[in-house]
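Engineer: Show me how the following folds:
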Amino acid sequence: MSSSLEQHKKIIESMTKALNDQNIDEFLKYIDDNCQVKRDGESLSRSKDELKKQTEQRFLDPNYQHSLVEFLPTEDSDRIRFIVEHKDKKRYEQTCIFTKEGKIGEVSLTS
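Structural biologist: Predicted coordinates for the structure are as follows:
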């Protein structure tokens with residue numbers, strides 16, 4: 001297993017904990033300023049600021065939680081794939097693509 005994959009896993013685990021702890025600053029420290037988020041091909045946010053606003057909205061629910069179900073194999077060293085489950089039991093396959101600086105530059109969710 002490559003060291004970049006291990007680093008990416010640690011970042012995803014830290015981000016999951018930050019989301020569940022509702023720690024927006026810890027969550028966003030891994031996100032590139034120009035990060036784009038898509039779900040099923042549809043754009044959800046086009047910047048870190050937009051993602052912050054959306055995440056803060058989620059935090060209005062005091063019971064907001066999601067869990068990391070499993071990591072999935074990937075051939076590319078600049079990305080990581082995994083499955084998350086939200087508290088409503090919906091699961092999403094998620095792919096995060098990292099920038100050369102080690103921040104997440106693109107997120108793709110598939111229902």
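Engineer: Which helix or strand contains E106?
Structural biologist: strand 104-110 (DSSP states H and E).
Engineer: Please read the previous query as pertaining to N63.
Structural biologist: Per DSSP H and E, there is no helix or strand for N63.
Engineer: Skipping adjacent residues, who's closest to it in space?
Structural biologist: In space, and not counting its chain neighbours, N63 is closest to K87: 6.4 Å by Cβ to Cβ, 6 or more residues apart in numbering. The C-beta positions use only the backbone N, C-alpha and C, and glycine is treated the same way.
Engineer: Can you show me the strands along this protein?
Structural biologist: Using DSSP state E, the strands of the chain run over residues 31-39, 42-45, 66-72, 79-86, 91-98, 104-110.
Engineer: Pipe the ones you listed into TSV and attach mean neighbour count and mean pLDDT per row.
Structural biologist: Shown next, in TSV, are the strands of the chain (neighbours: other Cβ atoms under 10 Å; pLDDT from 0 to 100):
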stretch	mean neighbour count	mean pLDDT
strand 31-39	17	97
strand 42-45	12	96
strand 66-72	14	95
strand 79-86	17	95
strand 91-98	18	96
strand 104-110	18	97
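Engineer: Let's see the longest helix seen in the chain as CSV, backbone CA atoms only.
Structural biologist: Counting by DSSP state H, the longest helix found in the chain is helix 3-20. Provided in CSV are the C-alpha atoms of helix 3-20 (Å, rounded to 0.1, in the frame of the first residue of the first chain):
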residue,chain,number,x,y,z
SER,A,3,2.2,6.1,1.5
SER,A,4,0.0,8.5,-0.3
LEU,A,5,-3.0,6.1,0.0
GLU,A,6,-2.3,5.8,3.7
GLN,A,7,-2.1,9.6,4.0
HIS,A,8,-5.4,9.9,2.1
LYS,A,9,-7.1,7.4,4.3
LYS,A,10,-6.0,9.3,7.4
ILE,A,11,-7.3,12.5,5.9
ILE,A,12,-10.7,11.0,5.2
GLU,A,13,-10.8,9.5,8.7
SER,A,14,-10.0,12.9,10.2
MET,A,15,-12.6,14.6,8.0
THR,A,16,-15.2,12.1,9.1
LYS,A,17,-14.5,12.7,12.7
ALA,A,18,-14.5,16.5,12.2
LEU,A,19,-17.9,16.2,10.5
ASN,A,20,-19.4,14.1,13.3
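Engineer: That'll do, ta.
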